[in-house]
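*Asks:* model this:
(one chain, ligands or ions: 3)
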Amino acid sequence: MKKYDEIKKVVYSHGSKDPFTFKYYDPDEVIMGKPMREHLKFALSYWHTIDAEGVDMFGSGTMDKSFGLAADPLAMYRKKAEFAFELMDKLQIDYYCFHDVDIAPEGRTVAESMKYFGEMVDYLAVLQKKHGKKLLWNTANNFGDKKFMAGAATSPNADVFAVAAAKVKAGIDAALKLGADGYVFWGGREGYDTLLNTDMALELDNLGRFMRMSRDYARSEGFKGAFYLEPKPKEPTKHQYDFDAATCMNFIRTYGLEGDFKLNIEANHATLAGHTFQHELRVARVNGGFGSIDANQGDYLLGWDTDQFPTNVYETMMCMYEVLKAGGFTTGGLNFDAKTRRQSNTFEDILLAYIAGMDTFALGLRFAVKLIEDGRIDDFVKERYASYSSGIGKKIVEGRTDLKELYDYAMGLEKIEVASGRQEYLESVINEIMFG
Ligand code: XLS
Ligand code: CA
Ligand code: CA
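*Replies:* Ligands and ions are numbered 1, 2, ... in the order given. This is a model prediction of the structure:
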């Protein structure tokens with residue numbers, strides 16, 4: 001197998017046995033009026049790809065991403081940034097995403113960390129220009145440090161709220177400087193481990209206040225991008241307030257954030273919430289909250305967030321179906337919030353993992369297009385609800401009837417039959433579309 005340095009650019013070569021080629025992702029191929037790269041808008045996740053070294057609860061890292069510069073943190077983070085952009089070039093990835101702590105070393109004080117962060121943002125701006133890449137979104141890591149142990153915006157300590165707000169302010173300033181399309185809020189510690197010590201009402205109101213302040217600051221500074229809440233039900237806390245898409249939409253409405261806030265849906269978080277990936281995307285879409293996607297998959301036998309590269313084509317097909325039905329991405333895209341397995345510990349594995357994930361989404365897109373063009377599923381659903389297109393059904397959906405009229409109408413009914421839902425047939429249509 002070739003070595004990492006020997007691979008200059010991964011290109012489309014359907015049918016090839018070269019592992020370092022795309023078999024299904026042809027970036028410039030036009031499908032439904034748009035090149036694949038614009039349908040899919042792939043992004044590299046800085047934290048998993050550039051920083052994570054395979055540490056788990058039981059063992060130390062299995063990869064070294066210090067580039068021999070561990071003794072000089074600023075030099076090391078500059079090298080990491082250069083590596084990130086070279087990797088994006090090799091993989092033909094146009095976007096990237098990061099947390100503040102991913103791109104710069106932590107200082108001894110908040111102020112020192114901010115200084116390093118600012119320096120690295122300036123360097124990323126240079127690299128973005130040089131390599132022609134864009135920032136899909138950035139975010140603040142308001143969960144890792146011990147001061148966030150009881151939450152950030154929902155901490156019982158107001159000083160922690162203030163530090164979290166300062167980090168978001170710096171993040172929004174960075175988003176503006178780097179021309180980010182979005183800004184993410186993932187509430188890793190915004191929840192609780194026990195209600196015995198928790199004032200839920202105050203915590204939720206504070207979370208709402210935090211989001212409103214962030215939005216107001218960003219808009220006043222001219223940020224035009226989208227804000228995303230990223231639902232996740234648990235891990236690290238026992239319960240996270242942004243439990244799932246429906247809970248997040250309720251939060252957005254309760255605190256008057258509609259229009260500015262959308263959702264960043266992650267496949268593995270859907271699974272943890274007891275939903276399918278498609279369910280979460282559908283909830284987002286039908287509630288006007290479709291925004292961006294963290295592309296990965298979990299392991300159905302494990303109850304935690306494994307952040308694996310996606311290889312399940314059934315899932316990516318239905319994901320891309322929802323994306324196409326939502327009219328495609330605007331500010332959002334597909335961020336690979338995914339890491340290679342701890343045993344896949346070479347730089348070649350990083351390339352192979354991205355290739356697998358990108359090809360799986362490319363196949364998903366191709367099949368989703370076929371599904372829509374085939375029309376059988378959409379027609380079936382349309383037909384299933386045909387009773388709402390005329391007669392009493394039409395009156396119901398148009399709000400032109402009431403319980404009294406429905407009572408009289410129901411009294412005149414004799415035989416009521418609900419047509420078969422045909423689930424097995426529809427599932428076989430999916431297989432037919434995929435496998436011919
Ligand atoms: C963790 C989350 C996190 C967010 C960004 O489970 O997926 O990585 O995407 O903070
Ligand atoms: Ca995520
Ligand atoms: Ca995750």
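*Asks:* how about the residues of the stretch 201-350 of the chain by ligand 1?
*Replies:* When proximity is defined by CB under 6 Å from any ligand atom, the stretch 201-350 of the chain lies next to ligand 1 at 230, 232, 266, 294, 305, 337. All C-beta spots, glycine's among them, are computed from the backbone N, C-alpha and C.
*Asks:* can you count the residues close to the closest residue in space to the third one that isn't next to it in sequence?
*Replies:* Counting by CB to CB, 6 or more residues apart in numbering, residue 266 lies nearest to residue 294, which is 3.6 Å off, once chain neighbours are set aside. For residue 294, the count of nearby residues is 24 (other CB atoms under 10 Å).
*Asks:* can you check residue 76 too?
*Replies:* 17.
*Asks:* can you tell me the element it falls in?
*Replies:* helix 73-91 (DSSP states H and E).
*Asks:* chain center to that helix: distance?
*Replies:* On the basis of CA atoms, centre = their mean, to the nearest Å, helix 73-91 sits 22 Å off its chain's mean C-alpha point.
*Asks:* the helix or strand following it pairs with which strands?
*Replies:* As assigned by DSSP H and E, the chain's next helix or strand after helix 73-91 is strand 95-99. Sheet pairing for strand 95-99, assigned by DSSP bridges, gives strand 42-45 (parallel), strand 134-139 (parallel).
*Asks:* send the alpha carbons of strand 95-99 over as PDB?
*Replies:* The C-alpha trace of strand 95-99 is given here as PDB (Å, rounded to 0.1, in the frame of the first residue of the first chain):
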ATOM      1  CA  TYR A  95     -14.700  23.100   4.200                       C
ATOM      2  CA  TYR A  96     -13.500  22.500   7.700                       C
ATOM      3  CA  CYS A  97     -14.900  22.900  11.300                       C
ATOM      4  CA  PHE A  98     -13.200  23.500  14.600                       C
ATOM      5  CA  HIS A  99     -13.500  24.200  18.400                       C
END
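*Asks:* wait, does that strand contact ligand 2?
*Replies:* No. Counting by CB under 5 Å from the ion, no contacts exist between strand 95-99 and ligand 2, the nearest distance being 8.9 Å.
*Asks:* still on that earlier bit, the residues of the stretch 201-350 of the chain next to ligand 1 also near ligand 2: which ones?
*Replies:* Among these, ligand 2 is touched by 266, 294, 337 when using CB under 5 Å from the ion.
*Asks:* between these, which is closest to residue 93?
*Replies:* residue 337 (13.8 Å; CB to CB).
*Asks:* how many other residues sit next to that closest one?
*Replies:* 24.
*Asks:* so it touches residue 43, yeah?
*Replies:* No. Look at residue 337 against residue 43 with CB atoms under 8 Å: they stay out of range, at 9.1 Å.
*Asks:* so which of the strands paired with strand 95-99 is nearest residue 73?
*Replies:* Across the strands paired with strand 95-99, residue 73 has its closest neighbour in strand 134-139 (19.9 Å, CB to CB).
*Asks:* next secondary structure after that closest one?
*Replies:* Later in the chain than strand 134-139, the nearest helix or strand by DSSP H and E is helix 158-178.
*Asks:* anything in that next one near ligand 1?
*Replies:* No. Judged by CB under 6 Å from any ligand atom, helix 158-178 and ligand 1 are separated, with a smallest distance of 11.1 Å.
*Asks:* just how off-centre is whichever helix or strand comes after that helix within its chain?
*Replies:* On the C-terminal side of helix 158-178, the closest following helix or strand by DSSP H and E is strand 182-185. Averaging C-alpha positions (CA atoms, centre = their mean) puts strand 182-185 10 Å from its chain's average.
*Asks:* neighbours around the residue in the stretch 1-150 of the chain positioned nearest to ligand 3, how many?
*Replies:* Going by CB to the ion, ligand 3 is nearest to residue 48 of the stretch 1-150 of the chain, at 9.3 Å. Residues lying near residue 48 (other CB under 10 Å) number 19.
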